[in-house]
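In: Structural data only, the sequence is not supplied:
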């Protein structure tokens with residue numbers, strides 16, 4: 001669909017709306033197929049609201065919600081809502097096409113929660129959560145609103161129905177306004193955060209990671225004030241709404257509304273003591289989303305243990321996939337963990353550029369609780385909190401037995417994924433785990449780019465037979481040269497290894513360790529201090545070296561690893577297989593699991609700056625790239641330029657918005673530019 005068609009549709013909106021109102025006046029409430037748009041014909045069946053308790057209060061204000069899983073909310077319309085982008089694959093889940101929503105003059109209103117679709121019942125979900133390790137009490141959908149559950153189309157694929165056996169997709173709008181759970185906030189989301197959520201939801205799906213989906217992104221002329229960097233310089237930003245789609249948005253924290261008073265924080269769940277509702281919620285979740293478990297276990301205790309084990313398996317599989325694509329969640333609290341094992345809530349997140357096990361994507365995470373390397377352990381910790389929240393529904397021995405399975409499950413999924421990323425497909429050798437560990441250590445030592453290093457591995461030659469020493473050295477040299485292109489410069493490594501703790505604070509803490517060890521033990525985080533000292537030691541090494549010596553050391557490190565890798569690749573041919581066939585399968589598999597493009601922060605920033613300047617075409621451009629992350633897409637991988645079918649802002653650039661981007665253009669699949677390290681997300 002061309003941009004000019006979209007503009008004409010916008011101009012005709014008032015006439016079309018008037019025609020629809022005239023045509024349907026005095027008709028049967030169900031109308032006719034001709035008069036009702038596809039959005040108005042969605043088949044809602046809101047089972048969650050039928051089976052789970054709803055707060056009877058109609059008070060519109062923020063409050064504690066006791067004895068309920070949902071609260072009704074009133075829609076709060078945006079001013080002049082308009083589409084920024086839509087996702088065709090995500091909308092197909094509920095039987096819609098991009099044309100269906102873009103042609104509908106009421107589409108932006110319906111998909112932002114500004115106007116109710118027939119059958120929609122807006123509600124906010126009540127949940128609690130452990131945030132950064134501490135129980136926070138009641139949280140809930142402070143900016144999101146459940147619109148209802150839409151029946152899947154009859155021709156939905158078997159794979160999707162296996163993923164979502166209930167045959168309904170919950171749709172939700174994020175950023176739609178105040179709910180009883182908004183606390184001190186306004187219930188609105190802005191364009192920059194909405195773009196990040198919209199794009200990452202679809203990017204993760206295309207990478208093969210279980211995730212909630214994003215069907216559309218709507219912005220508006222309604223504005224709110226935000227202090228982006230918490231530096232006392234707030235600015236006005238456009239209110240925007242993402243349409244989210246998932247089997248369910250119930251989370252671990254949904255079961256924490258029954259938690260007794262927490263000893264540390266003194267907080268408790270709003271429905272403490274209501275074991276009847278916990279039973280009701282658990283039955284609903286298992287019957288609806290785990291029907292095989294419900295059918296296969298007549299004994300309730302066995303059923304519940306099987307359910308907890310399946311949630312544990314899905315969680316381990318999900319976080320293993322995160323680790324293998326370099327994704328860091330940023331706010332991995334219990335209220336952001338899905339009960340159906342999908343990635344939930346894209347607030348601060350990031351894909352690693354330079355490999356760093358201590359990488360954090362949330363600038364507010366000063367302790368590194370949710371760092372890349374911490375994610376697997378944090379997910380187990382969150383599972384333990386879910387087990388506690390299930391209370392008497394889960395026997396203590398069952399709880400511990402399942403938790404003890406988590407680490408072996410995770411390691412199995414992770415190593416299996418890594419073997420594919422390395423092209424080790426025919427055999428499983430004991431040294432494979434060491435090969436992976438050594439690869440990551442070499443990447444860390446050399447400051448290599450995570451995504452591009454893995455993508456480069458398929459370009460390396462595999463020994464297909466006996467090699468002469470000259471052939472081996474030539475192949476080794478070419479492979480190492482490929483990997484050196486992804487390594488950091490001396491200046492980049494110096495910047496990366498600067499201590500993150502304020503120098504004066506670090507000096508004070510170290511002085512305290514010497515003068516008063518007992519007080520140091522009480523006040524200091526020894527792990528954090530140790531990491532700061534490691535950074536200082538590494539920085540000193542770098543200061544004492546020069547670019548030539550660094551490059552020589554990087555070459556030495558990679559040469560050592562590539563020799564190991566080529567030796568292991570040679571074992572893939574067992575003497576009976578066709579070496580050329582083995583090699584083709586290796587390259588094909590590696591290029592299907594090692595993405596060419598991920599949603600790096602600098603890519604998202606370019607898109608945000610263009611959109612805030614009034615150009616929405618870049619959102620659609622990068623969406624197309626992210627939908628096919630494993631393939632080269634000439635003409636789409638460079639920022640800038642329009643393409644037919646992209647959604648544009650009819651009003652052009654905003655006054656005072658400035659140029660599309662203040663940064664030089666960098667291809668989406670390239671190593672990130674220097675300025676990428678300056679981007680701050682919190």
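Out: Cool, got the structure. Remember, predicted model here, so these are calculated numbers, not experimental data. Numbers count the residues shown, from 1 in each chain.
In: CA atoms for contacts and neighbours, from now on please.
Out: Fine.
In: List the contacts of residue 56.
Out: Contact analysis of residue 56 by C-alpha atoms under 8 Å, 6 or more residues apart in numbering lists residue 71.
In: and it, what are its phi and psi?
Out: Main-chain dihedrals, residue 56, degrees, to the nearest 10: phi -70, psi -20.
In: Would you mind giving me the confidence score for it?
Out: At residue 56, the predicted lDDT confidence score is 91.
In: Residue 239 versus that one, what's the distance?
Out: Separation of residue 56 from residue 239 (C-alpha to C-alpha, to the nearest Å): 29 Å.
In: do residue 150 as well
Out: Taken as C-alpha to C-alpha, the span from residue 150 to residue 239 is 26 Å.
In: Pull up the distance across stretch 264-282, start to finish.
Out: 27 Å.
In: What residue in this structure is the furthest from its centre?
Out: residue 468 (47.3 Å; C-alpha atoms, centre = their mean).
In: Now it: phi and psi?
Out: phi -70, psi 160.
In: what residues are up against it?
Out: Counting by C-alpha under 8 Å, 6+ apart, residue 468 has no contacts.
In: 10 Å instead?
Out: residue 474 (C-alpha atoms under 10 Å, 6 or more residues apart in numbering).
In: For it, give me the pLDDT.
Out: pLDDT at residue 468 comes out at 86.
In: Just want to check the distance between it and residue 493.
Out: In terms of C-alpha to C-alpha, residue 468 sits 37 Å off from residue 493.
In: Check residue 223 too.
Out: Residue 223 is 40 Å from residue 493, by C-alpha to C-alpha.
In: With residue 592 instead?
Out: For residue 592 relative to residue 493 (C-alpha to C-alpha), the value is 31 Å.
In: a strand runs through residue 222, doesn't it?
Out: Yes - assessed by DSSP: H, G, I helix; E, B strand; the rest coil, residue 222 belongs to a strand.
In: Report the helix or strand with the lowest average pLDDT across the protein.
Out: Ranking every helix and strand in the chain by mean pLDDT, DSSP states H and E puts helix 3-24 at the bottom, with a mean of 38.
In: So which residue is dead centre in this protein?
Out: Closest-to-mean residue, the chain, C-alpha atoms, centre = their mean: residue 346 / 5.0 Å.
In: Mean confidence (pLDDT) on the one helix or strand residue 378 maps to, please.
Out: Take DSSP states H and E as the rule and residue 378 turns out to sit in helix 375-390. Across helix 375-390, the average pLDDT comes to 98.
In: Any buried residues in stretch 524-541, and which?
Out: Residues 529, 532, 535, 536, 538, 539 are the ones in stretch 524-541 that count as buried (16 or more other C-alpha atoms under 10 Å).
In: Redo those residues as CSV? Include distance to residue 182.
Out: CSV is the format used below for the buried residues of stretch 524-541 (distance: C-alpha to C-alpha, whole Å):
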residue, distance to residue 182
529, 36
532, 37
535, 40
536, 42
538, 45
539, 44
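In: circling back to that earlier point, can you name the next helix or strand after the least confident helix or strand of the chain?
Out: helix 47-51.
In: What's the first helix or strand after that next one?
Out: Heading C-terminal from helix 47-51 (DSSP H and E), you reach strand 54-55.
In: for that following strand, packing partners?
Out: With contacts taken as 3 or more C-alpha pairs under 10 Å, 6 or more residues apart in numbering; DSSP states H and E, strand 54-55 sits against strand 70-72, strand 123-125.
In: Not counting it itself, show me its contacts.
Out: Under the criterion C-alpha under 10 Å, 6+ apart, residues 48, 65-72, 123-126 lie in contact with strand 54-55.
In: Quick check: beta-bridge partners of the closest residue to residue 125 other than its chain neighbours?
Out: Nearest residue to residue 125, sequence neighbours excluded (C-alpha to C-alpha, 6 or more residues apart in numbering): residue 70, at 4.5 Å. On the basis of DSSP bridges, residue 70 is bridged to residue 54, residue 125.
In: how near is residue 70 to residue 593?
Out: Distance from residue 70 to residue 593, by C-alpha to C-alpha: 39 Å.
In: give me every residue that touches the residue nearest to residue 125.
Out: When contacts are counted by C-alpha under 10 Å, 6+ apart, residue 70 touches 48-49, 52-56, 122-127, 140-141, 146, 180.
In: Residue 205 too?
Out: Residue 205 sits in contact with 90, 211, 212, 213, 214, 342, 343, 626, 627, where contact means C-alpha under 10 Å, 6+ apart.
In: I figured the second one was touching residue 329, is that so?
Out: It stands for residue 211. No - Residue 211 is beyond contact range of residue 329, at 12.0 Å (criterion: C-alpha atoms under 10 Å).
In: which of the buried residues of stretch 524-541 lies closest to residue 446?
Out: residue 538 (12.0 Å; C-alpha to C-alpha).
In: Could you find the closest non-adjacent residue to that closest one?
Out: Leaving out its chain neighbours, the residue that sits closest to residue 538 by C-alpha to C-alpha, 6+ apart is residue 497, at 6.7 Å.
In: same check, this time on residue 383
Out: Closest to residue 383 by C-alpha to C-alpha, 6+ apart is residue 312, at 7.0 Å.
In: Tell me the secondary structure at the one you found.
Out: helix.
In: will you turn the contacts of strand 54-55 into TSV that also has pLDDT and distance to residue 81?
Out: Shown next, in TSV, are the contacts of strand 54-55 (pLDDT from 0 to 100; distance: C-alpha to C-alpha, whole Å):
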residue	pLDDT	distance to residue 81
48	98	29
65	97	31
66	97	34
67	97	36
68	98	32
69	98	30
70	98	27
71	97	25
72	96	23
123	97	21
124	97	22
125	98	25
126	98	28
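In: out of these, which is most surrounded?
Out: Compared across those, residue 126 has the highest neighbour count, 30 neighbours, by other C-alpha atoms under 10 Å.
In: Now do the same contact list for the closest residue to that residue other than its chain neighbours.
Out: In space, and not counting its chain neighbours, residue 126 is closest to residue 140: 4.3 Å by C-alpha to C-alpha, 6+ apart. Residues in contact with residue 140, defined by C-alpha under 10 Å, 6+ apart, are 65, 69-71, 124-129, 179-183, 253-254, 257, 335.
In: go again using 7 Å as the cut-off
Out: 125, 126, 127, 128, 181 (C-alpha atoms under 7 Å, 6 or more residues apart in numbering).
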